[in-house]
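Visitor: sequence and predicted model, in that order:
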Amino acid sequence: MESIELKRFWEQVKEELLGVLPENAHPWVYPLEISGYDKGVLTIVTGQMMGRDILRKNYYDLMVSALKNVSGEDNSRIVIIYDENAAKKLKKESEKLQKKALETDIKEQAFENLSNMQSAANLNLKYKFDNFVVGESNKFAYLTAMAVAKNPAEKYNPLFIYGNSGLGKTHLMQAIGHYIIFNNPKLKVKYTKTEDYVNDYITNSRKNNSTNIENMSKFNRKYTNIDIILIDDIQFIESKIKSMENLQYTFDSLYNKGKQIVITSDRVPKDIPTLTAALCTRFEMGLMIELTPPDLDTRFKILQKLALENDLKFEENALKYIAKNYSNNVRELEGAFTKVCAYAEITEQELTLALAKSVLKCDENDDEIDFEQIARVSAGYFGVDLKDLKGTARGQKVSIARHISVYLCREITNQSFVNIAKYYNKKHTTIMFAYEKIRKEKDTNRDISNALREIRQALKLL
């Protein structure tokens, strides 16, 4: 027989053998290889000496019967030979399979350990860097959070992220935790909401007895025997004097041991009522970064990502319509998208512009107001030149016009201080100062209040 025919012949014989031999003999049959077939004599080799002996002693007649069924020759015989080369090959394959099985076990164990660590850290699996949509409004915050995740406690400690609700503060904070757990699993991460921290503190400090002392000891170990702490919505600590005192202990304990602290808030520390001066200065000693509402392009990218993740067919104009009309925060944007998607699914329609308009019923504003319009109207209101607003002029009229136009740019467009600063050719800290000045005085200064109202009217916003 030629080698190809021989191989086919052996496959038929082998199939017949597996059909007639009991299952406990199959492990001895699988490694068998054909060496030759001549005049009814089948020669097969094996790398298993024990297998050769068992097959010869217990199953020889059954094997010959199987061979006769395939060959049709009555004088069939089988010769089983032990071969050292086959034994080496078999051993090598066995070791390879064992190694692969071990690697699989290790990967499965690592995945299980990772899941356990994420659960212990109290992290939400959906909040990772991979699915955080980056735009101009959050690029700096994203890069800073990534830097902290890669090198915790080396540069920006504490990291204080602030901004209105629904802009991604929790997402970025938990993304730091996930990144550290995945890339540096020896470090212990803990995420906690401030409300949970306060409630935990109250529960463990109710009675002044020996049990309470032990409870408080456990409580403090829980929040200080870690490497990275992520404290969300710190503004809820206000007026909780005892909790603030203990939080200061937690902060100092971690900071002095070189542990990373990340905090989020809806406002800067100095604007949190009753926050102690000690905590305020501690929060401000690191890096404070602001998250601002996403610009139109970023909002559109967020919707695109949501649509693709849900395998939805959509018109780009439909997403642009939603992005244009929901600019305050990401949660509001996602809520509008979910509403349109639900309607599309229930009515079995595609996500079209017409559908989005009929479901959301937003008043369209095709002429989106920009920095130039706001600055020009503000300059006209105060009777100053637009070039002075963007220049270095420091007269009283120019200064107040510039401050008010900056405030309105921020409030109306939701753009970042950095982008506004580029338009006015100023440092972003100067722009922040102008905005804060008007924000604090608008409710008590009638002239400023009137100016804001009348400029808004001129822009057709009232």
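Guide: Received it, and whenever you're ready, just let me know what you need. Residues are numbered from 1 along each chain as shown.

Visitor: quick one: low-confidence ranges for the protein?
Guide: Counting by pLDDT under 70, the ranges of the chain that qualify are 1-3, 86-87, 90-91, 93-95, 97-122, 207-212, 363-368, 461-462.

Visitor: gap between the residue minimising distance to the centre of it and residue 175?
Guide: When Cα atoms, centre = their mean is applied to the chain, the residue found nearest the centroid is residue 128 (0.9 Å). Distance check for residue 128 against residue 175: by Cβ to Cβ, to the nearest Å, it reads 5 Å. Heads up, the C-betas are built off the backbone N, CA and C, glycines and all.

Visitor: and the residue lying farthest from the centre of the chain, what is it in contact with?
Guide: Farthest-out residue of the chain from its mean C-alpha position, per Cα atoms, centre = their mean: residue 75, at 71.3 Å. By Cβ atoms under 8 Å, 6 or more residues apart in numbering, the contact list for residue 75 reads 39-40.

Visitor: quick one: the residue nearest to the centre of the chain and residue 176 touch, right?
Guide: No - contact criterion Cβ atoms under 8 Å: residue 128 and residue 176 do not qualify, at 9.9 Å.

Visitor: please enumerate the shared neighbours of these two.
Guide: The contact sets of residue 128 and residue 176 do not overlap (Cβ under 8 Å, 6+ apart).

Visitor: quick check: bridge partners of residue 79?
Guide: Using DSSP bridges, the bridge partners assigned to residue 79 are residue 43.

Visitor: my guess is it contacts residue 40, does it?
Guide: No - contact criterion Cβ under 8 Å: residue 79 and residue 40 do not qualify, at 11.2 Å.

Visitor: tell me which of these two has more neighbours.
Guide: Comparing residue 79 with residue 40 by other Cβ atoms under 10 Å, the one with more neighbours is residue 40, at 16 against 12.

Visitor: ok, the more buried one - contacts?
Guide: Contacts of residue 40 (Cβ under 8 Å, 6+ apart): 71, 73, 75-77.

Visitor: most neighbours, which of those?
Guide: When neighbours are taken as other Cβ under 10 Å, the top entry among the contacts of residue 40 is residue 76 (21 neighbours).

Visitor: how close does residue 344 get to residue 299?
Guide: 19 Å.

Visitor: these two - which one has more neighbours?
Guide: residue 299 (27 against 20).

Visitor: which element is the more buried one on?
Guide: Using DSSP states H and E, residue 299 falls within helix 296-309.

Visitor: how about that helix: buried residues?
Guide: Buried residues in helix 296-309, counted by 16 or more other Cβ atoms under 10 Å: 298-303, 306-307.

Visitor: same question, stretch 344-353
Guide: 344, 351-353.

Visitor: hey, C-alpha coordinates of that stretch in PDB?
Guide: Output of stretch 344-353 as PDB, limited to C-alpha atoms (Å, rounded to 0.1, in the frame of the first residue of the first chain):
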ATOM      1  CA  ALA A 344     -37.500  52.500  18.100                       C
ATOM      2  CA  GLU A 345     -37.300  48.900  19.400                       C
ATOM      3  CA  ILE A 346     -41.000  48.800  20.500                       C
ATOM      4  CA  THR A 347     -42.300  50.200  17.300                       C
ATOM      5  CA  GLU A 348     -39.700  48.300  15.200                       C
ATOM      6  CA  GLN A 349     -38.300  51.300  13.500                       C
ATOM      7  CA  GLU A 350     -34.800  52.500  12.700                       C
ATOM      8  CA  LEU A 351     -33.200  55.300  14.700                       C
ATOM      9  CA  THR A 352     -33.900  58.100  12.300                       C
ATOM     10  CA  LEU A 353     -33.900  61.900  12.600                       C
END
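
Visitor: all further residue positions should be reported with the first residue as 11.
Guide: Okay, residue one is now 11; in that scheme the one you just asked about reads as stretch 354-363.

Visitor: what comes into contact with it?
Guide: 317, 322-325, 327-329, 331, 350-351, 353, 365.

Visitor: keep only those of the residues you listed that are in helices.
Guide: 317, 327-329, 331, 350-351, 353, 365 (DSSP state H).

Visitor: what subset of those residues is buried?
Guide: When the ones in helices among the contacts of stretch 354-363 are checked for burial by 16+ other Cβ under 10 Å, the buried set is 317, 328-329, 331, 350-351, 353, 365.

Visitor: got TSV for those residues, with distance to residue 61 too?
Guide: Converted to TSV, those look like this (distance: Cβ to Cβ, whole Å):
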residue	distance to residue 61
317	59
328	68
329	65
331	72
350	67
351	61
353	67
365	69
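
Visitor: tell me the one of those residues nearest residue 212?
Guide: For those, the residue nearest residue 212 by Cβ to Cβ is residue 351; the value is 41.3 Å.

Visitor: pretty sure that closest one contacts residue 323?
Guide: No - between residue 351 and residue 323 there is no contact under Cβ under 8 Å: 11.0 Å.

Visitor: where along this structure do the strands fall?
Guide: 43-48, 51-56, 87-92, 169-172, 199-203, 238-242, 270-275, 297-300 (DSSP state E).

Visitor: residue 385: which of the ones you listed is closest?
Guide: It's strand 297-300; of the strands of the chain, that one is closest to residue 385 (Cβ to Cβ) at 22.0 Å.

Visitor: the closest one packs against which elements?
Guide: Packing partners of strand 297-300 (3 or more Cβ pairs under 8 Å, 6 or more residues apart in numbering; DSSP states H and E): helix 149-160, strand 169-172.

Visitor: hang on, residue 311 packs against residue 143?
Guide: Yes - between residue 311 and residue 143 there is a contact at 5.1 Å, judged by Cβ under 8 Å.

Visitor: quick one: the nearest residue to residue 344 once chain neighbours are set aside and residue 307, what's the gap?
Guide: In space, and not counting its chain neighbours, residue 344 is closest to residue 316: 6.8 Å by Cβ to Cβ, 6 or more residues apart in numbering. Plainly put, residue 316 is 15 Å away from residue 307 if you go by Cβ to Cβ.

Visitor: adding distance to residue 76, write the strands of the chain out as CSV.
Guide: Listed next are those as CSV, based on distance: least, Cβ to Cβ, whole Å:
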stretch, distance to residue 76
strand 43-48, 14
strand 51-56, 10
strand 87-92, 9
strand 169-172, 73
strand 199-203, 62
strand 238-242, 66
strand 270-275, 69
strand 297-300, 76
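
Visitor: which one, of those strands, ends up nearest to residue 430?
Guide: strand 297-300 (12.3 Å).

Visitor: parallel or antiparallel, which strands does that closest one pair with?
Guide: strand 169-172 (parallel).

Visitor: I'd say residue 225 and residue 210 touch.
Guide: No - when contacts are counted by Cβ under 8 Å, residue 225 is not listed as touching residue 210 (10.1 Å).

Visitor: fine by me, we can end here.
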